[in-house]
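Requesting a structural model of the entry that follows:
(chains A and B)
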Amino acid sequence: MLDVRGITVHFGDTVALDALDLSVGDDEVVCMLGASGSGKSTLLRAIAGLEPLAAGTIARDGVDLATTPPHRRDVGLMFQDHSLFPHRDVRGNVAFGLRMRRLPRDEIEARVHEVLEMVGLSGYEHRGVRQLSGGEQQRVALARALAPAPSLLLLDEPLGALDRALREELTVELKMLFDRLQIAVLLVTHDHDEAFALGDRVAVMHRGRVEQVGPPADVWRRPESELVARFLGWNVTYALGSKPSAVRPDAVTLTADGSLRGTVVSRAFRRDHFRVLIELEGSRDALDVSIRGAEPPAVGTQVGLVIDPDGVVELDR
Amino acid sequence: MDRHRVALRLRGGAGRILLFGLPLAYFGLFFAYPVGSILGRGLWPGGDLDLSPVGDVFGRDDLRGVLWFTVWQAAVSTLLTLVLAMPAAYVIARYRFRGRTLARALMTVPFVLPSVLVASAFRALGFEESLLAVLLAHAFFNYAVVVRVVGGLWTHLDPRQEEAARVLGAGPLRAFMQVTLPALRPAIAAAASIVYLFSFTSIGVILILGGSRRATLETEIYRYSFNLLDLRTGAALSIVQLLAVIALLTVMWWFGRRHCAALSLASANEITRRPTTRADRTIVAVVLASTAIFLAVPLMVLVVRSFDTPDGLGLDFYRGLGDVHAGSVLFVSPLEAIRNSVLYALATVGIAVVVGGAAAFAIARSRLGAALDLALALPLGVSAVTVGFGFLISFDEGILDLRASWAIVPIAHALIAIPFVVFVVVPVLQSVDPRMRQAAAVLGASPRAVWREIDLPIASRGMLVAAGFAFAVSLGEFGATAFVSVARPDSPTLPVVIFRLLGTQGAENFGVAMAAGAILMILATAAVLAIERVRVGEVGTF
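Reported below is the predicted structural model:
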């Protein structure tokens, strides 16, 4: 069990982490979702012991880690840019953590073989890491972090630099790997699909704080703040009542009549749906609406809107 | 950035004390102490401090003239070197062609040759004593500094910035002046400082090519201290020289600190290209050809003269290398001097790699290191005469009686080789991504293991390059060697023997000197080629 309580990290005058709380259970996968600059990477680095804390505690199974240097924390960290050792081959990179633990030679060989097989790189032992493709480097970095069998795995944008098709393929592989390994995983990403697909819980981060945390379905269905709603791509409008409301783009249907009316301002084709921006009558708000199936009305058309109540959340903040 | 210093903060203190202590002790004992002694003798004559000789340097017309000539000849030499070498820096940095490595290695050879030999080659070429000869010899010598320092940055400069300027409507010249030149400024400033320093303190070139009327601070220090035995004036001139050098190094260090900060750098592999268009080929061909003429002709003349015996072309002078010339000032044959030179060079490599390596680690890892960097560079710019003379009068008693020891030569050479080790190794260490160390730490490596597993392997190739430079520097060193070997005339180095041969009448002696010079050239070329083979990518100033 990892327990993070009120940790704060400063870089000069900037606050990278602001009294952040978080816990990760023993075989739980938690995904931190946030825009760049929200402090996600700093959180991982702080847990690994690479950033000095200005305040707060990080504890593993009730033991405070404040005085434990990085090399005794028993975490696996996969860096955003992989940070593979350029002067070692694949085997040398994967075996590194095992050598540091002074395991016997044959055990190291067996484990390297096992982990490389796990990430689908059997037979790559003696390749130089510079000759590998981005996806292969990513796998080596993962294998290197996994090799010493850490009880907590920290992954910083593990699929960050890869192209879309590869990301989707590897997301599935990662999911299967996490299920099989049964270890605690803390993963940070800016990609919604990745976070919702992989996490047992998803935490939305903003400016060094956790804005909202919960099971993926809850976070996606019930954004608690305007900030989270906007980050997840919901509309926030003041036109539906006294309080601001969040409206899911796919909860809106266009009709000829309807009490709520507006004008189509722009439309864009998005593979399996259209995105249509509609300016509401008697309000300065516009709604971003996703339309499936039929061709949406042309720009300038007056339309009526019907909103599914299931896709509307009243926001308190 | 502070957060990248975490691994450092965790490091134990003992190793750090050693890293700082070893170079500081070496510098203190073998540089500050002898130089201090010589300055002390001049300025504390009866035990009282008397700074009036320093004032006299500025008060006496003749010395003011010397100071002025030293300053402006160095400035003109620097400008000439930059103008001549920048095209070659460009071609080496931006084009990939067969023989590129060899070309760069050969451009470096003049830099490691002893100044007396270079000056003799210019004399053999038909140059009389003249200002032009001095300036050209300085440019010949320092060509490699510009090619390596400026080319080193240029080869990493992202060409897309210049391309962006072109697309925005700047002509080629304008794009170069507005985008590339400002980006190169730190490297040009660094190269100019180094060239200025070497031209400011050069002695062999001035003595042989300058003629009796052209004196610099360095030649005057030599004349006052040795010929006129006027230590006070000698010391005063040394102080003036030292102050000028410190001022220059401070400026250089300041520029160096701002290096890389705002530059967009890319891997050299993405930047160099094959000369495919006609214009490209012409540029490469013209620049390489003119470089070859400028650098190779003096060296070729040297080689040709070594075969040009009174009885036609032959190997007589090379056979003469094995002879001890009866009744001459030589105490050993040139062949034995070659053996001495190689042994001294190997010892220099040992000292310079250990002391300079420790210094490089200290400098790369600490803010205080910058001061150490500055201190260790001082011997490069301080009069070899002062250092050599200081050695003679300081190390003459007790356990420090080194005058008769063979170690005195490599100890003096290492003073000059250590700054090169630092120049080469520090950028390599600084190029180690701090996240690499952090990745190792998270995988369970203790700070010592991080050092052993990450820093050391990456630095080791830099160390090999540094060793090559230390070897070449030792082979070519003349100024300090000439003085410290006064006490040991029976085991001179090759440059000293060449100098003695040149100073002895007779065509035979000149020919043998040229033959010895040709052999020195081959040794230096071998060392430089070895350096090119093990260079770590393009990292490092040299």
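
What residues sit buried inside the lengthiest helix in chain B?
Taking DSSP state H as the criterion, chain B has its longest helix at helix B:61-94. Using 16 or more other C-beta atoms under 10 Å in any protein chain shown as the test for burial, helix B:61-94 gives B:63, B:66-67, B:69-70, B:73-74, B:76-78, B:80-82, B:84-94. (Glycine included, C-beta is placed from N, CA and C.)

Going by neighbour count, list what's buried in whichever helix or strand comes after that helix.
Downstream of helix B:61-94, the next assigned helix or strand under DSSP states H and E is helix B:100-112. With burial defined by 16+ other C-beta under 10 Å, the residues of helix B:100-112 counted as buried are B:100, B:103-112.

Who are the packing partners of helix B:100-112?
Applying 3 or more C-beta pairs under 8 Å, 6 or more residues apart in numbering or on different chains; DSSP states H and E, one finds that helix B:100-112 contacts helix B:61-94, helix B:131-154, helix B:278-307, helix B:456-476, helix B:507-534.

Adding mean pLDDT and distance to residue B:432, write the ones you listed out as CSV.
Putting the helices and strands packed on helix B:100-112 into CSV (pLDDT from 0 to 100; distance: least, C-beta to C-beta, whole Å) gives the following:
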stretch, mean pLDDT, distance to residue B:432
helix B:61-94, 91, 23
helix B:131-154, 88, 18
helix B:278-307, 87, 34
helix B:456-476, 82, 5
helix B:507-534, 80, 17
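
To chain A, which of these lies closest?
Chain A lies closest to helix B:456-476 among those, at 5.1 Å (C-beta to the nearest C-beta).

Quick check: buried residues in the closest one?
B:458-459, B:461-476.

Keep the residues you listed, but drop any that are not near chain A.
Counting by C-beta under 8 Å from any C-beta of the partner chain, residue B:458 from those sit close to chain A.

residue boundaries of the helices in chain A?
Using DSSP H, helices in chain A cover A:40-48, A:90-100, A:105-118, A:134-146, A:164-181, A:192-198, A:216-221, A:226-231.

mind putting those helices in a markdown table, mean neighbour count included?
Below are the helices of chain A laid out as a markdown table (neighbours: other C-beta atoms under 10 Å in any protein chain shown):
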| stretch | mean neighbour count |
| --- | --- |
| helix A:40-48 | 24 |
| helix A:90-100 | 23 |
| helix A:105-118 | 16 |
| helix A:134-146 | 22 |
| helix A:164-181 | 14 |
| helix A:192-198 | 19 |
| helix A:216-221 | 16 |
| helix A:226-231 | 19 |
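
In chain B, where is pLDDT below threshold?
Where chain B drops to pLDDT under 70, the residues are B:1-14, B:253, B:255-271, B:323-331, B:367-370, B:397-400, B:486-489, B:534-542.

sorry, back to before: determine the set of other helices and strands touching the longest helix of chain B.
helix B:52-59, helix B:100-112, helix B:131-154, helix B:181-200, helix B:217-222, helix B:231-257, helix B:278-307.

How far away from the center of its chain is it?
The chain centre lies 15 Å from the centre of helix B:61-94; the measure is C-alpha atoms, centre = their mean, to the nearest Å.

Name the residue of the stretch 51-200 of chain B with the shortest distance to chain A.
For the stretch 51-200 of chain B, C-beta to the nearest C-beta, closest residue to chain A: residue B:156, 16.6 Å.

That residue and residue B:187: what is the separation?
Going from residue B:156 to residue B:187 by C-beta to C-beta, to the nearest Å gives 10 Å.

who's more crowded, those two?
Each of residue B:156 and residue B:187 has its neighbours counted (other C-beta atoms under 10 Å in any protein chain shown); residue B:187 has more, 26 against 21.

hang on, isn't residue A:212 packed against residue A:224?
Yes: Residue A:212 is within contact range of residue A:224, at 4.9 Å (criterion: C-beta atoms under 8 Å).

and residue B:191, what does it touch?
For residue B:191, the contacting residues are B:82, B:145-146, B:149-150, by C-beta atoms under 8 Å, 6 or more residues apart in numbering or on different chains.

from those, which single one is nearest residue B:344?
The nearest member of those to residue B:344, counting by C-beta to C-beta, is residue B:145 at 23.9 Å.

so the closest one sits right up against residue B:195, yeah?
Yes: Residue B:145 is within contact range of residue B:195, at 5.4 Å (criterion: C-beta under 8 Å).

so after the helix or strand containing residue B:357, what's the next helix or strand?
In the assignment (DSSP H and E), residue B:357 maps to helix B:334-365. Counting by DSSP H and E, the next helix or strand C-terminal to helix B:334-365 is helix B:369-381.
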